[in-house]
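A.B. asks: Sequence plus predicted model, see below.
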Amino acid sequence: MVNNQDAWQKRNRLPMANLLWRERAPSAVARLVTGVGLAVALATPVPGWSQDDVSLEEAVETLQAEVGRLTRAAQLARGRKIYFQACSPCHGVRGDGNGPAARGFDPAPRNFRRGVYKFRTTVSGALPIDADLERTVREGVPGTEMVRWRGVLSESDIKAVVQYVKTFSPFFEDPDSLPLPEDILEIPEERPFEASLSSVAKGRQIFIDQDCIKCHGESGQGDGVEADRLVDDWDVPIRPANLTRPYFKNGKRDSDIFRVFTTGVNGTPMPAFDDLDEEERWQLIDYIQSLEQRQNWFYWLFQDNPNQVRHPQPEARAEEPEADG
């Protein structure tokens, strides 16, 4: 559970000598491979090659390609080791989400073989980019057993395990399946205007007009009339998010919610709101944030985590009007 994830990591902390790969490792590997490759290239004749047949530029390109191949092989080997130590108990040795520790998990661990990912900065239906997967590993998924690995794994380790996870799905190896530059969306980190009673009211109307109530309910507690009939793309029952909670799976910052509204949640009934302009999406965010029930033990326990809990921002919110009399 989210409120136990730090304790879980401490109890199950992997040997640091195995997990923490120095940030300089990739460059060190590249320098080592480059040095060896140059030495071999200068000292060893290559069958079928001659100075007349191959230009220096072609030789350098070939050598650079070999360096890249060996560097990636080293990264995948590192990622595989981390995956089997840290990830396979839940996600399984085959990446199918059927690890020995996954029994009873709700939601179940991600099946990497399908190549379908919920949290992305790409258009609806597209594969994620590396930064999306790295963010999920780094920050975890609040409200689930997917803990955050920030502070346990180095950035190099996170990148390595993401590259290994991608090998489970053939889609990442298919150039035609990869997102195009225009499929990668820019998610703003800063708001264009402050939240107010007016933007909250407009957001509520959008919430109604977009039929969000059917799934999330009038009060946003995930109890709409369609809530019990929802299934994911594999016909597994799925519950809509309870919008009154102080955490969301993809993060609770305004920019996190904007990302979900813009990209949708692949594999689920949650669509992308691409028919809303940016101002309307920010207004909808203001209404969603207004539903949060902050005054409870969970909020105070996690108020130091800005990704899981959005701190109160009195300066960004208009004061409630006083009741007459």
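C.D. replies: Looks like it arrived, so ask away.

A.B. asks: element containing the nearest residue to Asn266 once chain neighbours are set aside?
C.D. replies: Once its chain neighbours are removed from consideration, Asn266 has its nearest residue in Val116; the separation is 5.2 Å (C-beta to C-beta, 6 or more residues apart in numbering). Heads up, the C-betas are built off the backbone N, CA and C, glycines and all. When secondary structure is defined by DSSP states H and E, Val116 falls outside every helix and strand.

A.B. asks: Pretty sure Asp233 is one of the things Val116 touches, is it not?
C.D. replies: Yes - applying C-beta atoms under 8 Å, one finds Val116 in contact with Asp233, separated by 7.0 Å.

A.B. asks: Pull the contacting residues for the residue nearest to Asn266.
C.D. replies: Neighbour list for Val116: Asp233, Asn266, Gly267 [criterion: C-beta atoms under 8 Å, 6 or more residues apart in numbering].

A.B. asks: joint contacts of Val116 and Asp233?
C.D. replies: In the contact map built from C-beta under 8 Å, 6+ apart, the residues linked to both Val116 and Asp233 are Gly267.

A.B. asks: All the helices of the stretch 151-300 of the chain, in order from the start?
C.D. replies: Applying DSSP state H, counting those that start in this stretch to the stretch 151-300 of the chain gives helices spanning 155-166, 197-209, 212-216, 254-263, 278-290, 297-301.

A.B. asks: how does this protein divide up, domain by domain?
C.D. replies: Using automatic domain parsing, the domain ranges for the chain come out as 2-103+110-183, 197-316.

A.B. asks: would you list the ones you listed in a markdown table and tack on mean pLDDT and distance to Glu190?
C.D. replies: Supplementary listing: those in a markdown table, determined by pLDDT from 0 to 100; distance: least, C-beta to C-beta, whole Å:
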| stretch | mean pLDDT | distance to Glu190 |
| --- | --- | --- |
| domain 2-103+110-183 | 80 | 16 |
| domain 197-316 | 85 | 8 |
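
A.B. asks: closest to Arg191 out of those?
C.D. replies: Of all the domains of the chain, the one in closest proximity to Arg191, counting by C-beta to C-beta, is domain 197-316 (6.0 Å).

A.B. asks: Excluding chain neighbours, what is closest to the most centrally placed residue in the chain?
C.D. replies: Geometric centre of the chain, nearest residue: Thr136, 3.2 Å, by C-alpha atoms, centre = their mean. In space, Thr136 comes closest to Phe119 once its chain neighbours are excluded; the distance is 5.7 Å by C-beta to C-beta, 6+ apart.

A.B. asks: That neighbour - how many residues pack around it?
C.D. replies: Other residues within reach of Phe119, judged by other C-beta atoms under 10 Å, total 20.

A.B. asks: so is it in a helix, a strand, or just coil?
C.D. replies: Taken by DSSP: H, G, I helix; E, B strand; the rest coil, the conformation at Phe119 corresponds to coil.

A.B. asks: and it, what is it in contact with?
C.D. replies: When the contact criterion is C-beta under 8 Å, 6+ apart, the partners of Phe119 are Pro128, Asp132, Arg135, Thr136, Val141, Lys249, Asn250, Arg259, Val260, Val265.

A.B. asks: Enumerate the positions of stretch 138-157 that are buried.
C.D. replies: Taking 16 or more other C-beta atoms under 10 Å as the neighbour-count basis, stretch 138-157 is seen to contain the buried residues 138-150, 152-154, 156-157.

A.B. asks: try stretch 264-278
C.D. replies: Residues Gly264, Val265, Asn266, Gly267, Thr268, Met270, Ala272, Phe273, Leu276 are the ones in stretch 264-278 that count as buried (16+ other C-beta under 10 Å).
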